[in-house]
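> Fold the following and give me the result.
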Amino acid sequence: MKMMKMMKMMKMMKIMVVLVLSSLLCVSADVLRMEGCSETDGEVMYGMDGEEAWYSDFKNKKGVLVLPSFADSVRVPEGLYEESVVSLQGCKNALKLARGAFKNLPLEQDPPSSLMVYTKEHVELREKNTLICYVTGFYPAPVNFYWTKNGENVTQGTSTNVPYPNKDGSFNQFSRLEFIPQLGDIYSCTVKHLALDQPLTRIWDVELNVSVSRCGS
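Predicted coordinates:
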C-alpha cells in the first residue's frame, strides 16, 4: 500500500532499527536486541520478557544494567558496550546510504479514480441546498477543486475539507458549494491533480435533476 510504503521510507530516513533475537548468558529466555540510530543519536538495548534489561549509554560511554536486584541473574557478555559502539557506527553508515538512495526517488502518483457531483438535500427550486463534489483514489494529496455556475467561476459559498486517507493508502476529498436551484442554471466541478494530464470535470444541471427528483417522488 502506498501509505505504508511512504511511512516505511520516512522511518528509514529518520531512524534505522534492527531487531535481533539473542540470549544473554545465564538467562534461558530469548532476549530482544534493538539497535536504533538517527544522524545525531543512537541506542543499543536488550529487552527480556517485555522489559528493558540493558542498554548502552553512549553519553557516559558505558553499558547500564537496569533489571532490579531481585530479577534473575544476568551476566552481560564482556565487550558488549564496545560491540554496541561498532553497531552504532554501522547503523549510521546504513542510514547515510538509505538517505542517498531515497533522495532522488520519484514520488509515486495515482490520479483520481472517480469524480461525483450530487446534492445534500432533495432538489427543490428556489430552496437553499448544497452541491457536493467528491473525488477518491488519488495520491499524493491534495487535489484542487474549481466550481463554475453557467460557465463563470464561483468561489463564494464554497468550502473544501482536508484529504482523508483510504485503506489502500490513497486519499478522498470533498468540496461543497451552497446554492439555490434555479431553472436554466448549470454547475460544474473540476478537479486538478499532479497525476492528471487533464483536469476532471463533472456537470450538474438544475433542470435535469429537478425532473429526476420529481420522477422519483
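
> Can you name the next helix or strand after the helix or strand bottoming out on mean pLDDT in the chain?
Ranked by mean pLDDT, DSSP states H and E, the weakest helix or strand in the chain is strand 16-22, scoring a mean of 39. Scanning forward in sequence from strand 16-22 by DSSP states H and E, the next helix or strand is strand 31-37.

> Please save the CA atoms from that following strand in PDB.
Below are the C-alpha coordinates for strand 31-37, written out as PDB (Å, rounded to 0.1, in the frame of the first residue of the first chain):
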ATOM      1  CA  VAL A  31      16.100 -11.600  24.600                       C
ATOM      2  CA  LEU A  32      15.200  -8.900  22.100                       C
ATOM      3  CA  ARG A  33      18.100  -6.800  20.900                       C
ATOM      4  CA  MET A  34      17.300  -3.400  19.400                       C
ATOM      5  CA  GLU A  35      19.600  -1.100  17.600                       C
ATOM      6  CA  GLY A  36      18.500   2.300  16.500                       C
ATOM      7  CA  CYS A  37      20.100   5.500  15.300                       C
END
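
> pLDDT on it, on average?
Throughout strand 31-37, pLDDT has a mean value of 71.

> which residues does the nearest residue to residue 57 once chain neighbours are set aside bridge with?
When the adjacent residues along the chain are set aside, residue 57 lies closest to residue 64, with 5.1 Å between them (CB to CB, 6 or more residues apart in numbering). (Each C-beta comes from the backbone N, C-alpha and C, glycine too.) Per DSSP bridges, the residues bridged to residue 64 are residue 55.

> can I assume residue 64 is in contact with residue 46?
No. With contact defined as CB atoms under 8 Å, residue 64 and residue 46 do not form a contacting pair (10.7 Å).

> Which of the two has more residues huddled nearby?
Ranked by neighbour count (other CB atoms under 10 Å), residue 64 and residue 46 place residue 46 first, with 26 against 13.

> In terms of helices and strands, where is that one?
strand 42-48.

> low-confidence ranges in this structure?
1-32, 38-40, 47-52, 67-76, 101-107, 212-217 (pLDDT under 70).

> Strands along that one, start to end?
16-22, 31-37, 42-48, 51-57, 62-65, 114-119, 129-138, 144-149, 152-154, 158-160, 164-165, 171-179, 186-192, 200-205 (DSSP state E).

> List of residues touching the last one?
Here strand 200-205 makes contact (CB atoms under 8 Å, 6 or more residues apart in numbering) with 112, 115-119, 131, 133, 135, 186-191.

> what do you get if the cut-off is 10 Å, keeping everything else the same?
Contacting residues not belonging to strand 200-205 are listed as 111-112, 114-119, 123, 131-135, 138, 143, 146-149, 177, 179, 181, 184-193, 211-212 [CB atoms under 10 Å, 6 or more residues apart in numbering].

> buried residues in it?
Buried positions in strand 200-205, judged by neighbour count with 16 or more other CB atoms under 10 Å: 200, 202, 204.

> Direction included, what does that strand pair against?
Per DSSP bridges, strand 200-205 is paired in its sheet with strand 186-192 (antiparallel).
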